[in-house]
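Peer 1: got a structure for you, letters missing:
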């Protein structure tokens, strides 16, 4: 069996090396816990139209627990919240909007020009090597293909993402989990600073979608802007092989490495 990103241990989820992030070997990539939490926020009959993740602290390579609740039930609109904790300490909080699925008779809209080049046109671009660890969410959990841009070099980029491992044990990630897992890469693939000289860590992640993705692939058309006062913003247009899907954004903390 393919090794998953998380293993269930009782009421906790233990991350494997495939959840590790690039900033610190003892911390997770933001996309891994975001994907885990979003599974707990979904409900049958509703589209998870918006979800915002707030990273309260670095998410450690340690057993994690998820608690979720509907905070505003409703017929057409629901609000929900979830919290991820490690050793009893909250490390991530999420808030979501759910919209009731229905059938609306809309005029036909030609989106053909909005369909991006497919993942088969992209070129794999390995994340810069880390001699300490071969495994990581950005290295061994994702198939990453750059349509244009300079791979993980600086500048805007259009990039396809596909999860290549089960999320928990042998269970594949849901469509929305695949979206948020990819969306958290926006600041990395469109960076404007050098990894070895600067930190540009996202403190949050907001994702808006108007439909669930179709197929395994999610594309980010990503751009980053940073400012000398130590803040930045990464934003991405989201697509799948059928066309536009939604938007995502990340607030960035920017600092020089000591």
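Peer 2: In hand now; what should we look at? As the structure is a prediction and not an experimental result, all values here were calculated from the model.

Peer 1: Could you use CA atoms for every contact and neighbour count after this?
Peer 2: Will do.

Peer 1: Please name every helix or strand in contact with the top helix by length along the chain.
Peer 2: Ranked by residue count and defined by DSSP state H, the top helix of the chain is helix 31-41. On a contact count with 3 or more Cα pairs under 8 Å, 6 or more residues apart in numbering; DSSP states H and E, helix 31-41 meets strand 64-72, strand 77-86, helix 175-183.

Peer 1: the strands in the protein, which residues?
Peer 2: Here the chain has its strands, by DSSP state E, at 6-9, 12-15, 46-55, 64-72, 77-86, 89-100, 123-124, 142-148, 157-163, 198-202, 204-209, 218-226, 231-240, 243-256.

Peer 1: Between those strands, which has the poorest mean confidence score?
Peer 2: With a mean of 76, strand 123-124 has the lowest mean pLDDT of the strands of the chain.

Peer 1: which other residues reach that strand?
Peer 2: 143-147, 151 (Cα atoms under 8 Å, 6 or more residues apart in numbering).

Peer 1: cutoff 6 Å now
Peer 2: Identification of contacts with strand 123-124 by Cα atoms under 6 Å, 6 or more residues apart in numbering yields 144-146.

Peer 1: likewise stretch 175-192?
Peer 2: Stretch 175-192 is touched from outside by 31, 35, 38, 152, 154-157, 161, 213, 222-224, 234, with contacts defined as Cα under 6 Å, 6+ apart.

Peer 1: ok, and the most crowded of those?
Peer 2: The most crowded member of the contacts of stretch 175-192 is residue 38, carrying 28 neighbours; neighbours defined as other Cα atoms under 10 Å.

Peer 1: distance of that residue from residue 159?
Peer 2: As for residue 38, its distance to residue 159 is 22 Å (criterion: Cα to Cα, to the nearest Å).

Peer 1: now residue 31
Peer 2: 15 Å.

Peer 1: Ok, residue 243 next?
Peer 2: Residue 243 sits 14 Å away from residue 159, going by Cα to Cα.

Peer 1: With neighbour numbers in mind, choose between the two.
Peer 2: It is residue 159, of residue 243 and residue 159, that has more neighbours when counted by other Cα under 10 Å, with 30 against 19.

Peer 1: List the buried residues for stretch 225-237?
Peer 2: Of all the residues in stretch 225-237, those buried under the rule 16 or more other Cα atoms under 10 Å are 225-226, 231-237.

Peer 1: distance between the ends of it?
Peer 2: One end of stretch 225-237 to the other measures 15 Å (Cα to Cα).

Peer 1: Please apply the same query to stretch 181-201.
Peer 2: Separation of the first and last residues of stretch 181-201 by Cα to Cα is 16 Å.

Peer 1: What residues sit buried inside it?
Peer 2: Buried residues in stretch 181-201, counting neighbours by 16+ other Cα under 10 Å, are found at 181-193, 195, 199-201.

Peer 1: Now the residue nearest to residue 45 when sequence neighbours are not counted. Its backbone dihedrals?
Peer 2: Spatial nearest neighbour of residue 45, chain neighbours left out: residue 101 (5.6 Å); criterion: Cα to Cα, 6 or more residues apart in numbering. The phi/psi pair for residue 101 (degrees, to the nearest 10) reads phi -70, psi 140.
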